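[1] structure, please.
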Amino acid sequence: MSADNMIPKRRAADWKNPSVPAMTVEQLGVALNDIAVMAKHIERFTSLLMANLVHGQDDEETYLVAIEAMAQRIGWASDMACDRIDGTGGAVRGDAERWMMPPSFHRYQAAAEGVAA
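    Numbering: from 1, shown residues only. From the prediction side, this is the model:
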């Protein structure tokens, strides 16, 4: 691709509305927390859909696993940011292990520690 065919990169100044004030740290925390909550719901929804797949639906399962992995990554990143911003109320689920490992992993861990998962 030549320099003439390049699409110019957009900068924040190109689209940001200057009349809208910057977010406060608290607002950023609320937004990140909401992202994590929505990621949690997407992940749970894909898990429920996967549980209802019948044998031979490999393509559908692949799509759902990909969506689930993206939701887990988004949720974890949001939680990581929320944990580092004072006044946000903290993480929705927590660290990468809580977001990305399957429920059976946490049940075995809870059983080993003698607590409910």
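[2] can you show me the helices along the protein?
    Assigned by DSSP state H, the chain shows helices spanning 12-15, 25-51, 58-83, 96-100, 103-113.
[3] could you dump the last one to CSV, C-alpha only?
    Listed next in CSV are the C-alpha coordinates belonging to helix 103-113 (Å, rounded to 0.1, in the frame of the first residue of the first chain):
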residue,chain,number,x,y,z
PRO,A,103,-16.2,-23.1,37.4
SER,A,104,-14.8,-26.6,38.1
PHE,A,105,-11.4,-25.1,38.8
HIS,A,106,-12.9,-22.8,41.5
ARG,A,107,-15.0,-25.7,43.0
TYR,A,108,-11.9,-27.8,43.4
GLN,A,109,-10.0,-24.9,44.9
ALA,A,110,-12.8,-24.2,47.3
ALA,A,111,-13.1,-27.9,48.3
ALA,A,112,-9.3,-28.0,49.0
GLU,A,113,-9.7,-24.9,51.2
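[4] tell me what that helix is packed against?
    The elements that helix 103-113 packs onto, with contact taken as 3 or more Cβ pairs under 8 Å, 6 or more residues apart in numbering; DSSP states H and E, do not include any helix or strand. In short, each C-beta sits where N, CA and C put it, glycine included.
[5] picking up where we left off before, what's the closest of the helices of the chain to residue 90?
    Judged by Cβ to Cβ, the one of the helices of the chain that comes nearest to residue 90 is helix 58-83, at 6.2 Å.
[6] what angle do that closest one and helix 25-51 make?
    Orientation note: helix 58-83 sits at an angle of 160 degrees relative to helix 25-51 (axes from the mean of the first three to the mean of the last three Cα atoms, to 10 degrees).
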